[in-house]
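This is a predicted model, with the sequence first.
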Amino acid sequence: MTKLKHIYLSINEMETIKKGLFKDLPELKLIRVDENGLEKIEPGAFENLPKLKKLVLDNNKLRKIDDGVLENLPSLQTLFLQNNELDGINVNTFKTLDQLEVLWLQGNKLKEMKKGDIDNLKNLRELNLNDNEIRVLRPGFIDGLTKLEEVDLSNNKLTVIPNGVFSKSSITDLKLGNNDIVTIEPGAFEGAHMFDLDLRGNDLLEVTVGVFNSIFVNRLDLSDNKIEVIKDSAFDGSNFQFLHLDGNKIHQLRSGVFENVKVTVVSVKNTNLTDRDLVSLRDLSISFNFNSGTDSRQARSVIR
């Protein structure tokens, strides 16, 4: 038994993981205690597990992780805590998980993310916070996470993306869709180099100068907001492969919007725009995708 490497305790009725439960299994690399009625984990429950790489605790009833529960796990790389009832993160919760690369916290009841929650996880690459109740992102909550690539904050209750919160980060895939975002402060994405920036399904009314300037994003998705106005120079200095503006209330795109931006495809499906509204853009090397009912030959003629 002492050489056991994987242990599966899924789909049981375990309510508590007692201190020292696995202490005589130092070779364990994987522990699964998902889909139980788990309500409490005692400090020391995971002691003497120097080789543990993956810990699966999702789909339980955990409301908090006490100090000391996740200590002394020097090899842990993946931690699944999704679909529990966590409503906050203690400053010491993840403090010693130096090698953690993947952290899933989706489907909990978290209200905010602040400095000190996770900023000690220097090797973190993937952070999933989808489907919580997060209303506030405090600047600094990802400071120092230089290897972070994927962050999912979709389906929360965010209304504001503050200045600097994602500036100069290493994130390449950022999901902020289906929140209640009405304001993005200038500098929120300063210096961004991303593959995908997803802001669809929010409550943005306009695109202002200073939010999306001088960023490099393969796909910027602003579809299904309430955007009526895009200010001239709103995208100045930026580089996009795909810009999605579908499902907004835009009725005009002036030439000043795209004068100093590199963009290949702009999608304006299900907006108030027609090909006639884009006559002033005919000299730009941009492909516009219209509503499905628009004559594609007419659309192409506008941008020649």
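Alright, I've got the coordinates.

which residue sits closest to residue 261, ignoring its sequence neighbours?
Excluding the flanking residues, the one nearest residue 261 by CB to CB, 6 or more residues apart in numbering is residue 235, at 4.1 Å. C-beta coordinates here come from the backbone N, C-alpha and C atoms, glycine included.

Quick check: can you list the domain ranges of this structure?
What the record gives for the chain is the domain set 1-157, 160-304, from automatic domain parsing.

Compare the mean pLDDT across these and name the weakest.
The minimum mean pLDDT among the domains of the chain belongs to domain 160-304 (a mean of 85).

list the contacts for the nearest residue to residue 6 once chain neighbours are set aside?
The spatial neighbour of residue 6 that comes closest, neighbours along the chain excluded (CB to CB, 6+ apart), is residue 30 at 4.5 Å. Residues in contact with residue 30 (CB atoms under 8 Å, 6 or more residues apart in numbering) are 5-7, 52-56.

Same question for residue 114.
136, 138, 140-141.

Can you select the buried ones among these for me in PyMOL?
In PyMOL syntax, the buried subset of the contacts of residue 114 is picked out as below (16 or more other CB atoms under 10 Å):
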select buried, resi 141
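
now the contacts of residue 114 in CSV, with distance to residue 35 and secondary structure?
What follows is the contacts of residue 114, written out as CSV (distance: CB to CB, whole Å; DSSP: H, G, I helix; E, B strand; the rest coil):
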residue, distance to residue 35, secondary structure
136, 31, strand
138, 33, coil
140, 35, coil
141, 30, coil
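
Going by distance to residue 257, which of the contacts of residue 114 wins?
Closest approach between these and residue 257, by CB to CB: residue 136, at 31.3 Å.

what are the ranges of the strands in the stretch 1-150 of the chain?
With DSSP state E, counting those that start in this stretch as the criterion, the stretch 1-150 of the chain has strands at 6-8, 16-17, 30-32, 40-41, 54-56, 78-80, 102-104, 112-113, 126-128, 136-137, 150-152.

So what touches the last one?
Outside of strand 150-152, the residues within contact range by CB under 8 Å, 6+ apart are 106, 125-130, 142, 171-175.

moving C-terminal of it, what's the next helix or strand?
strand 160-161 (DSSP states H and E).

who does that next one pair up with?
Pairing partners of strand 160-161, with direction, according to DSSP bridges: strand 183-184 (parallel).

export the helix or strand that the strand it pairs with is followed by as CSV, just CAs?
Downstream of strand 183-184, the first helix or strand assigned by DSSP H and E is strand 193-198. This file holds the C-alpha atoms of strand 193-198, laid out as CSV (Å, rounded to 0.1, in the frame of the first residue of the first chain):
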residue,chain,number,x,y,z
HIS,A,193,-0.4,40.8,-26.1
MET,A,194,-3.2,38.3,-26.3
PHE,A,195,-4.6,35.7,-28.6
ASP,A,196,-8.2,36.2,-27.4
LEU,A,197,-9.8,39.0,-25.4
ASP,A,198,-13.5,38.1,-24.8
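
Buried ones in strand 193-198, by neighbour count?
Those would be 194, 196-198, for strand 193-198 by 16+ other CB under 10 Å.

Report how many residues lie close to residue 276.
Residue 276: 8 surrounding residues under other CB atoms under 10 Å.

now residue 96
Using other CB under 10 Å, residue 96 is surrounded by 16 other residues.

For it, which non-adjacent residue is closest in space?
Sequence neighbours aside, residue 71 is the residue nearest to residue 96 in space, at 5.2 Å (criterion: CB to CB, 6+ apart).

Can you name the residues that contact that neighbour?
43, 95-96.
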